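Enquirer: Build me a structure from this.
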Amino acid sequence: MTSLDDMLERARRMEVDPSRSKLDDYAQIVWELRRKRKRVRTITAFLNEHGVRVHRATVARWLKAHPVPAVTPAEKAFHPLVPVPAPCPAIEQASQDFFKPRESKHENHNEPDWNRPD
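Expert: Reported below is the predicted structural model:
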């Protein structure tokens, strides 16, 4: 019978098996789409359109096992998560008008309710 140390040494010397998932070849594409907050169905449709026949459950399981890696600051500057819209003066003015404080219809609008005499 072999000792545990011999078994452990043999296990460490064994070669790593090749990947069994066909999505491993497309990892960068899947992660890029997830960084852009695309849903699993959208990713599946994108892959299917480009000749990779895969089911959405396969994509979901693969993403669960292979989470999106953290983005470096250089990549973050290059790929913003949320697109920043160009400023529109009319919309900015409308939002400022909407959120402008209004005058109260009540006499004691500055005084909290619990300080009012009954």
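
Enquirer: Would you confirm that V52 contacts K22?
Expert: Yes. At 7.0 Å, V52 counts as touching K22 under the criterion of Cβ atoms under 8 Å. Glycine gets a C-beta too; all of them are placed from N, C-alpha and C.

Enquirer: higher neighbour count, those two?
Expert: Shown here are V52 and K22; by other Cβ atoms under 10 Å, V52 has more neighbours (16 against 13).

Enquirer: residue contacts, that one?
Expert: Counting by Cβ atoms under 8 Å, 6 or more residues apart in numbering, V52 makes contact with 22-23, 26.

Enquirer: one more time with 7 Å, if that's ok
Expert: Listed by Cβ atoms under 7 Å, 6 or more residues apart in numbering, the contact set of V52 reads Y26.

Enquirer: From K36, how far out is it?
Expert: Note on V52: its distance to K36, by Cβ to Cβ, to the nearest Å, is 18 Å.

Enquirer: all helices for the chain, in order.
Expert: Under the criterion DSSP state H, helices of the chain are mapped to 4-13, 27-35, 40-49, 56-65, 73-78, 89-98.

Enquirer: Check which residues of the third one are buried.
Expert: Within helix 40-49, the residues that qualify as buried by neighbour count (16 or more other Cβ atoms under 10 Å) are 40, 43-44, 46-47.

Enquirer: Ok, stretch 26-40 next?
Expert: By neighbour count with 16+ other Cβ under 10 Å, stretch 26-40 contains the buried residues 26, 30-31, 33-35, 40.

Enquirer: what stretches of this structure score poorly on pLDDT?
Expert: 1, 71-87, 99, 101-118 (pLDDT under 70).

Enquirer: try 50 this time
Expert: The model of the chain has no residue with pLDDT under 50.

Enquirer: follow-up on the earlier one: and which of the buried residues of helix 40-49 is nearest P69?
Expert: The closest of the buried residues of helix 40-49 to P69 turns out to be I43 (Cβ to Cβ; 16.1 Å).

Enquirer: Thank you, goodbye.
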